[in-house]
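[1] Mind folding the following:
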Amino acid sequence: VTDWLTPEKAAECREGFRKFDKDGNGFLDIEELITVLSATGRTYTQQELQTAIDTISGTKGSTGITFDQFAELLQVKMAADTQNRLRARFQLFDTDNTGDISYDELKACLQGMDSLLTTAEIEEMMKKCDTDGDGMISYEEFVSIV
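    As a prediction, this is how the structure comes out:
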């Protein structure tokens with residue numbers, strides 16, 4: 001279940017789960033989840049958490065989630081965080097908010113980061129990124145090279 005994590009991160013994840021599993025029963029129940037979420041600055045009602053637990057566990061009225069379910073939840077959250085970070089980085093380049101990065105946008109952003117970049121280097125980057133050859137870098141093209 002944690003094969004997407006390094007062994008060190010998997011151990012940290014397991015330790016974090018154990019830390020919040022106050023009664024040591026191998027489940028995080030609603031009260032324990034409230035503690036976990038409060039530690040991250042999030043607050044939910046018991047009904048909202050029950051709905052989340054039911055969804056995660058796949059069983060209506062479930063009393064808690066297992067470590068494997070907790071790890072799955074973390075994986076989904078981390079993937080969403082990664083997508084949000086990628087989208088934010090893309091939007092730094094896409095200054096006119098068209099959904100594509102033009103050569104001029106790429107040039108302005110890159111030269112803002114490294115004023116020593118030459119026009120030839122920027123043109124080469126554009127060629128490598130613009131895989132469909134339309135003269136623009138789409139979000140998908142951007143993600144594939146990051």
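
[2] From now on I want contacts and neighbour counts done on CA atoms only, so please keep to that.
    Will do.

[3] pLDDT score assigned to residue 126?
    pLDDT, residue 126: 95.

[4] hang on, isn't it packed against residue 103?
    Yes: with contact defined as CA atoms under 8 Å, residue 126 reaches residue 103; the gap is 6.8 Å.

[5] what do those two both touch?
    Each of residue 135 lies in contact with both residue 126 and residue 103 under the rule CA atoms under 8 Å, 6 or more residues apart in numbering.

[6] quick one: contacts for residue 117?
    Contact partners of residue 117, counting by CA under 8 Å, 6+ apart, are 110-111.

[7] go again using 7 Å as the cut-off
    Contacts here follow CA atoms under 7 Å, 6 or more residues apart in numbering; on that basis residue 117 touches residue 111.

[8] Next, it: secondary structure please.
    coil (DSSP: H, G, I helix; E, B strand; the rest coil).

[9] gap between the longest helix seen in the chain and the chain center?
    In terms of residue count, the longest helix belonging to the chain (DSSP state H) is helix 67-93. In terms of CA atoms, centre = their mean, to the nearest Å, the gap separating the centre of helix 67-93 from the centre of its chain is 1 Å.

[10] Ok, stretch 40-55 next?
    On CA atoms, centre = their mean, the centre of stretch 40-55 falls 20 Å from the chain's centre.

[11] Give me the mean pLDDT for it.
    82.

[12] Mind listing what's buried along that stretch?
    49-54 (16 or more other CA atoms under 10 Å).

[13] repeat for stretch 97-114
    100-103, 105-110.

[14] Now it - C-alpha only, PDB.
    Extracted in PDB, the C-alpha atoms of stretch 97-114 (Å, rounded to 0.1, in the frame of the first residue of the first chain):
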ATOM      1  CA  ASN A  97      -4.400  33.100 -18.700                       C
ATOM      2  CA  THR A  98      -5.100  31.600 -22.100                       C
ATOM      3  CA  GLY A  99      -4.300  28.100 -20.900                       C
ATOM      4  CA  ASP A 100      -1.100  28.000 -23.000                       C
ATOM      5  CA  ILE A 101       2.400  29.400 -22.700                       C
ATOM      6  CA  SER A 102       3.500  31.400 -25.600                       C
ATOM      7  CA  TYR A 103       7.100  31.900 -26.600                       C
ATOM      8  CA  ASP A 104       7.000  35.500 -25.300                       C
ATOM      9  CA  GLU A 105       5.600  34.400 -21.900                       C
ATOM     10  CA  LEU A 106       8.200  31.700 -21.700                       C
ATOM     11  CA  LYS A 107      11.000  34.100 -22.600                       C
ATOM     12  CA  ALA A 108       9.800  36.800 -20.100                       C
ATOM     13  CA  CYS A 109       9.500  34.300 -17.200                       C
ATOM     14  CA  LEU A 110      12.800  32.500 -17.900                       C
ATOM     15  CA  GLN A 111      14.700  35.700 -18.300                       C
ATOM     16  CA  GLY A 112      13.200  37.000 -15.100                       C
ATOM     17  CA  MET A 113      14.600  34.000 -13.400                       C
ATOM     18  CA  ASP A 114      17.900  33.900 -15.200                       C
END
